[in-house]
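Q: this one's sequence-less:
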Ligand code: KE4
């Protein structure tokens, strides 16, 4: 069976032939690949073609595919039960590990996806403050919760409009969408709506418009204004938790949010999300408090044990200096290859997450990210895929490295990228 045959079959059974839209390669063109298996930093499609993987399942696999320690932990748990629907000791262990790594997180609730984490954190913020407005930033993605699938209204500090059919405008109107890194817009919004703002939710290092870093003072301004108006600050660290450092972006920038949303790395590849924060706020969550949230598979032992094995490996080996090294090696190599061909580009990177933009502009928000030459990105993506290098099938995503990528893998990837760029 070829990729194409299987994809045709998939399209008969699942919308767009995928379980998540970006996997259909619509943004980059060409035929999506169907994965047969993966190991370490490599992945094979059903036709037996091998790729060096820089997608890494959109971030969870900081140890690479099927790390022996994670596999062993899951194999042992398999025979003890997959799900109990009651509390198990692994939840306590993983909660303790998360709390020990992120001082602003004193208590945590497990869910099964990043979307559930952000959706629940926003409900908690609204219930805790008794307020209704949510502030988010253009280009940030926090999952497919109605209240967050909202586009910027006309002009700054105006109420949002539905970002997709199916979201009523009454719901979209409860969200205000601002330009990322724009402190002035933030101040204007708080002046206008301050007393009715329940929370501000932000990717402290953005990954969903491509990698975009907070400008000096942006996160600090968020913290100051939310405190001033008694709104909650929610850091969506679904990508950055345990990715950019052990303590996440909040450790890197020394800004303590009121609530943190987590996912991806904490599950090590198993479905897992979490939200957490100060005890005084988290104690409002049912059944201790009145704000309801629940989940059949929340805290299931398989996801817990995968997260425990992953975080244990990270805590014991502290791979961040190594990840910094190989990410620098890869980005320097890519930049050299593109410059040698006279291709204008920008690379934004924090640790082992980065994005190659095809623009000469500094990329510091969604509007500057959109100056990237999307047609060239599509050609770049398809040429890399052909040479056996898999990167995210969208300009507005982050590439990810893992401890499974050796320096030799990076050199091999650069050879393939060089051949690919020559062919464009
Ligand atoms: P999930 O519901 O997809 O587990 O998490 C939603 C989410 C929340 N917050 C951030 C910062 C995220 O990046 C995500 C999900 N990320 C996307 C791509 N970056 C997942 C890929 C997809 O949607 O298929």
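A: That came through, no problem. The structure displayed is predicted, hence computed values, not measured ones.

Q: verify the contact between residue 82 and residue 297 for me.
A: No - Residue 82 is beyond contact range of residue 297, at 9.0 Å (criterion: C-beta atoms under 8 Å). Using the backbone N, CA and C atoms, a C-beta is placed for each residue, glycine as well.

Q: how close does the residue nearest to residue 202 when sequence neighbours are not counted sit to residue 234?
A: Nearest-residue entry for residue 202: residue 137, 5.8 Å, with adjacent residues in sequence omitted and distances by C-beta to C-beta, 6 or more residues apart in numbering. Relative to residue 234, residue 137 is positioned 12 Å away (criterion: C-beta to C-beta, to the nearest Å).

Q: could you do residue 176 as well?
A: In this view, residue 176 and residue 234 are 14 Å apart by C-beta to C-beta.

Q: out of these two, which sits in the busier spot?
A: residue 234 (30 against 25; other C-beta atoms under 10 Å).

Q: in three-state terms, label the more buried one for me.
A: Residue 234 falls in the strand class when you classify it by DSSP: H, G, I helix; E, B strand; the rest coil.

Q: specify the beta-bridge partners of it.
A: The partner list for residue 234 in beta bridges (DSSP bridges) reads residue 201, residue 259.

Q: correct me if wrong: it contacts residue 256.
A: No - between residue 234 and residue 256 there is no contact, the gap being 12.0 Å when judged by C-beta under 8 Å.

Q: for the ligand, give me its nearest residue in this structure.
A: At 2.3 Å from the ligand, residue 114 is the closest residue in the chain, using C-beta to the nearest ligand atom.

Q: list the buried ones in stretch 223-243?
A: If you call a residue buried by 16 or more other C-beta atoms under 10 Å, then stretch 223-243 has these buried ones: 223-226, 229, 231-243.

Q: ok now do the residue nearest the centre of the chain, which residues does it touch?
A: When C-alpha atoms, centre = their mean is applied to the chain, the residue found nearest the centroid is residue 239 (3.2 Å). For residue 239, the contacting residues are 59, 203, 205, 207-208, 263-264, 353, 398, taking C-beta atoms under 8 Å, 6 or more residues apart in numbering as the criterion.

Q: same for the ligand: which of those are within range?
A: The residues of the contacts of residue 239 that also fall near the ligand, by C-beta under 6 Å from any ligand atom, are 203, 207-208, 263.

Q: close to the ligand: what parts of the stretch 101-250 of the chain are there?
A: When proximity is defined by C-beta under 6 Å from any ligand atom, the stretch 101-250 of the chain lies next to the ligand at 113-115, 118, 141-143, 203, 207-208, 236, 238-239.

Q: report all helices and strands that the helix ranked longest in the chain contacts.
A: If you go by DSSP state H, the chain has its longest helix at helix 320-340. Contact here means 3 or more C-beta pairs under 8 Å, 6 or more residues apart in numbering; DSSP states H and E; on that basis helix 320-340 packs against strand 346-350, strand 353-357, helix 407-423.
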